[in-house]
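**Student:** okay, sequence plus prediction incoming.
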Amino acid sequence: MTGRLEGKVALISGAAKGQGEAEARVFVAEGAAVVLGDVLDAEGEGVAESLGDRARYVHLDVSREDDWLQAVRTVTETFGGLDILINNAGIIRMGMMLDVSLDDYMSVINVNQVGCWLGMKSAGAVMRRGGSIINISSMNGVVPGPGIMSYVASKFAIRGMTKAAALELGPKGIRVNSIHPGAILTDMSRAGLAHIEGNPLAGLPIPRIGEPEEVARLALFLASDDASYSTGSEFVIDGGWLVTPALL
């Protein structure tokens with residue numbers, strides 16, 4: 001590793017497993033101190049412990065403002081400041097629009113969309129100049145899919161909120177960008193792929209599923225000073241899914 005985040009402090013939501021865990025591991029390896037937030041306390045504490053003194057775990061239900069305020073307080077009191085936020089936590093609930101209840105719809109919106117907004121609001125208030133906020137959207141924040149309307153709505157919202165936040169936080173020296181993963185080797189992608197007939201990955205220009213570490217390395221770029229002139233932008237990492245007409 002090259003120490004690209006040496007001296008920086010990051011807060012990552014949904015960091016107990018999957019993409020969030022991969023981001024935490026890459027960031028610590030690159031010199032950052034990291035606070036991992038999640039509702040999976042045992043798993044999150046285990047990841048933080050495995051990362052050593054430059055990692056801490058905090059319980060974080062991203063739909064609760066009090067949890068966000070406590071997480072940010074933990075970051076600043078433990079490591080002296082905040083430079084990077086990754087809004088990674090997210091859920092998906094399958095079901096066609098006519099069959100889904102309002103409660104089920106709102107459960108996804110509250111985690112994916114409201115959670116992202118609360119994260120930007122809470123972290124943006126204390127983030128140091130030169131900071132970077134990275135919002136994990138989805139390729140379904142660019143194109144829709146059937147049976148996942150709440151997920152699509154939340155991920156389109158993240159894409160728009162990212163751009164609005166870039167305008168608002170730019171004068172504070174804070175960059176805001178979104179990442180749009182395709183099929184990544186996580187529990188969420190497995191659930192989504194299970195509802196698609198055949199093997200769509202075989203038709204991709206890069207015909208395989210993505211690895212969480214590949215998303216983490218893209219997040220590393222956006223968190224680092226290498227991306228100092230990038231804000232309000234969306235970065236797709238989908239193996240070419242969005243340029244494959246037969247899959248859209």
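**Tutor:** Good, I have the coordinates.
**Student:** and the residue nearest in space to the middle of the chain, what pLDDT?
**Tutor:** What sits nearest the mean C-alpha location of the chain, by C-alpha atoms, centre = their mean, is Asn88, with 2.3 Å. We note a pLDDT of 98 for Asn88 in this prediction.
**Student:** next one: Ala194
**Tutor:** The model's pLDDT for Ala194 equals 62.
**Student:** in which helix or strand would I find Val35?
**Tutor:** Per DSSP states H and E, Val35 falls inside strand 33-38.
**Student:** strand partners (parallel or antiparallel) of that strand?
**Tutor:** The strands beside strand 33-38 in its sheet (DSSP bridges) come out as strand 9-13 (parallel), strand 55-59 (parallel).
**Student:** so in the protein, where's the weakest helix or strand by average pLDDT?
**Tutor:** Ranking every helix and strand in the chain by mean pLDDT, DSSP states H and E puts helix 187-193 at the bottom, with a mean of 71.
**Student:** just the C-alpha atoms of the helix or strand that it is followed by, please, in PDB.
**Tutor:** With elements assigned by DSSP H and E, the helix or strand that comes after helix 187-193 is helix 212-223. C-alpha atoms of helix 212-223 as PDB (Å, rounded to 0.1, in the frame of the first residue of the first chain):
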ATOM      1  CA  PRO A 212     -16.100  -5.600  -2.900                       C
ATOM      2  CA  GLU A 213     -12.400  -4.700  -2.900                       C
ATOM      3  CA  GLU A 214     -12.800  -3.300  -6.400                       C
ATOM      4  CA  VAL A 215     -15.400  -0.900  -5.200                       C
ATOM      5  CA  ALA A 216     -13.200  -0.100  -2.200                       C
ATOM      6  CA  ARG A 217     -10.300   0.900  -4.500                       C
ATOM      7  CA  LEU A 218     -12.600   3.300  -6.400                       C
ATOM      8  CA  ALA A 219     -13.700   4.800  -3.100                       C
ATOM      9  CA  LEU A 220     -10.000   5.100  -2.100                       C
ATOM     10  CA  PHE A 221      -9.400   7.200  -5.200                       C
ATOM     11  CA  LEU A 222     -12.400   9.500  -4.500                       C
ATOM     12  CA  ALA A 223     -11.400   9.800  -0.800                       C
END
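**Student:** and helix 212-223 with strand 9-13, angle?
**Tutor:** Between helix 212-223 and strand 9-13, the angle comes out at 130 degrees (axes from the mean of the first three to the mean of the last three C-alpha atoms, to 10 degrees).
**Student:** whichever helix or strand comes after helix 212-223: partners in the sheet, and parallel or antiparallel?
**Tutor:** Using DSSP H and E, the helix or strand that follows helix 212-223 in sequence is strand 234-237. Sheet pairing of strand 234-237 (DSSP bridges) gives strand 175-181 (parallel).
**Student:** how about the CA coordinates for the partner strand, as CSV?
**Tutor:** Only the C-alpha atoms of strand 175-181 are listed here, as CSV (Å, rounded to 0.1, in the frame of the first residue of the first chain):
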residue,chain,number,x,y,z
ARG,A,175,-16.2,17.2,-2.3
VAL,A,176,-19.2,14.9,-2.8
ASN,A,177,-19.4,12.1,-5.4
SER,A,178,-21.4,9.0,-5.9
ILE,A,179,-20.4,5.4,-6.8
HIS,A,180,-22.7,3.2,-8.8
PRO,A,181,-21.9,-0.5,-8.5
